[in-house]
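Peer 1: how would this look folded up:
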Amino acid sequence: MKYYIIAGERSGDMHGANLYKEIQKRDEHATAMGIGGGYLHDAGVKLSKNYEELALIGFFEIIEKLGAIRSALKQVKSELIEHKPDVVILIDYGGFNMRVAAFAKKLGVKVFFYISPKIWAWNVKRAEKIKKNVDRMFVILPFEKDFYKQFNYEVDYVGNPVLDAISQFTPNPSFQKDNSLEEKPIIAVLPGSRSAEIESTLFRMLSILPSFPDHQFVVGGVDNYPSSYYEQFRRNGRVHIVYEQTYDLLHNAEMAIVTSGTATLETAIMRVPQVVVYRVNFISYYAIKLLIKVKFISLVNLIAGKEVVKELIQDDFSPANLRQELQKLKMGEPGRLRILQGYEDVIQKTGKAGASEKAAELMVSYLKGYGNQ
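Peer 2: Okay, the predicted model is just below:
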């Protein structure tokens, strides 16, 4: 069968690649094209555009990239008409992918959505559009199945693909030596993977450096962002930069400062106490604040249904607050134990590895069933 896959950001690219690898095991004639990055490319997907051209956060950033988004949408529509795939698999990236879903539906192409847009957070009414335009939704957060039930829409909960990625991780025993790290305890700094995230958080994350002389700060860099930006933060050797080694970094860290996103859940599953931070353009923030429907922004707290990790958002993300919260996570501090206990509930609710396999199994089964109708 022919697949058209769209991932609009780094985590979706990784999870989409794992999904497509599992699809190929079940469909020996599978071919795929679409939008993504290095992970999907390496999995065998022919990319017509790289997601880096479209990755963004907030309303202000959407306006800045409106031309690129329109161009990409036009290209996708053209390719769907020309190549006539059996199914379009959309991975998160709600604003763009919902438009693709509506167009594909009109063409008579089956539409699968893997990793639901976070409509439960700020745009609940989109559930009706999803119900109308998406043939099957595959969700990765345990509470999402009940959310869609409110709209009489049955979805498949497949577990969280983060668990798949972590289950495949083998620690590098020489990680610290390979990266010329010191013997000091590590504070992992994960500023995100998109330019707007990195540039709005990294400076503040590292502003508390003088308050932790007995620790070393290690930034988890990504190779899709210029290394020159990270390198300016080395601070005479007090700050270290490692690239594409997030899990090894967390495996060796005492605690972490993490930009809200998938990395917060990864950090929790690897049982590293963290402070979650988030900051965007002030116009974007106040626009989002008017619409937001949930009490928390981090996946950890959303899954737990309560505050497990501290969230420092926008103006609360100050050096003083970050310093205070991070002090609570040191070895022996009661705040550290409280977070680790909270993680166990989150891990239990998230379930076991196998999301990619389960989603692929269901997708291929549904497609074969449609063919027999």
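Peer 1: Which parts of the stretch 1-150 of the chain are strands?
Peer 2: Using DSSP state E, counting those that start in this stretch, the strands of the stretch 1-150 of the chain run over residues 2-7, 31-36, 46-50, 87-91, 110-114, 136-139.
Peer 1: Please identify the deepest-packed of those strands.
Peer 2: Comparing those by mean neighbour count (mean count of other C-beta atoms under 10 Å), strand 87-91 comes out on top with a mean of 27. Heads up, the C-betas are built off the backbone N, CA and C, glycines and all.
Peer 1: What angle do strand 2-7 and it make with each other?
Peer 2: Strand 87-91 and strand 2-7 are oriented at 10 degrees to each other (axes from the mean of the first three to the mean of the last three C-alpha atoms, to 10 degrees).
Peer 1: average pLDDT for strand 87-91?
Peer 2: Strand 87-91 carries an average pLDDT of 97.
Peer 1: Residue ranges of each domain in the protein, please.
Peer 2: If you go by automatic domain parsing, the domain ranges for the chain are 2-159+354-371, 175-350.
Peer 1: Could I get the ones you listed in CSV, plus columns for distance to Ser167?
Peer 2: Listed next are the domains of the chain as CSV, based on distance: least, C-beta to C-beta, whole Å:
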stretch, distance to Ser167
domain 2-159+354-371, 8
domain 175-350, 10
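Peer 1: Tell me which of the ones you listed lies nearest to Ile166.
Peer 2: domain 175-350 (5.6 Å; C-beta to C-beta).
Peer 1: Pro226 versus Ser195, what's the distance?
Peer 2: Using C-beta to C-beta, to the nearest Å, Ser195 is found at 9 Å from Pro226.
Peer 1: Of these two, which one has the most company?
Peer 2: Shown here are Ser195 and Pro226; by other C-beta atoms under 10 Å, Ser195 has more neighbours (17 against 11).
Peer 1: Touching, the more buried one and Tyr225? I think so.
Peer 2: Yes: contact criterion C-beta atoms under 8 Å: Ser195 and Tyr225 qualify, at 6.3 Å.
Peer 1: Find the residue closest to the residue positioned nearest the centre of the chain in space, skipping its chain neighbours.
Peer 2: Geometric centre of the chain, nearest residue: Thr262, 3.7 Å, by C-alpha atoms, centre = their mean. Distances taken as C-beta to C-beta, 6 or more residues apart in numbering put Ser11 closest to Thr262, at 4.3 Å, once the chain neighbours are dropped.
Peer 1: how far away is the one you found from Ala320?
Peer 2: Between Ser11 and Ala320 the computed distance is 31 Å (C-beta to C-beta).
Peer 1: With Val139 instead?
Peer 2: Per C-beta to C-beta, Val139 is found 38 Å from Ala320.
Peer 1: Then Asp223?
Peer 2: Applying C-beta to C-beta to Asp223 and Ala320 gives a distance of 33 Å.
Peer 1: And the strands of the stretch 1-150 of the chain, which one averages the lowest pLDDT?
Peer 2: Lowest mean pLDDT of those: strand 46-50, a mean of 92.
Peer 1: Check which element follows the helix or strand where Leu326 lies along the chain.
Peer 2: Leu326 is part of helix 319-327 when elements are defined by DSSP states H and E. Per DSSP H and E, the first helix or strand lying C-terminal to helix 319-327 is helix 334-350.
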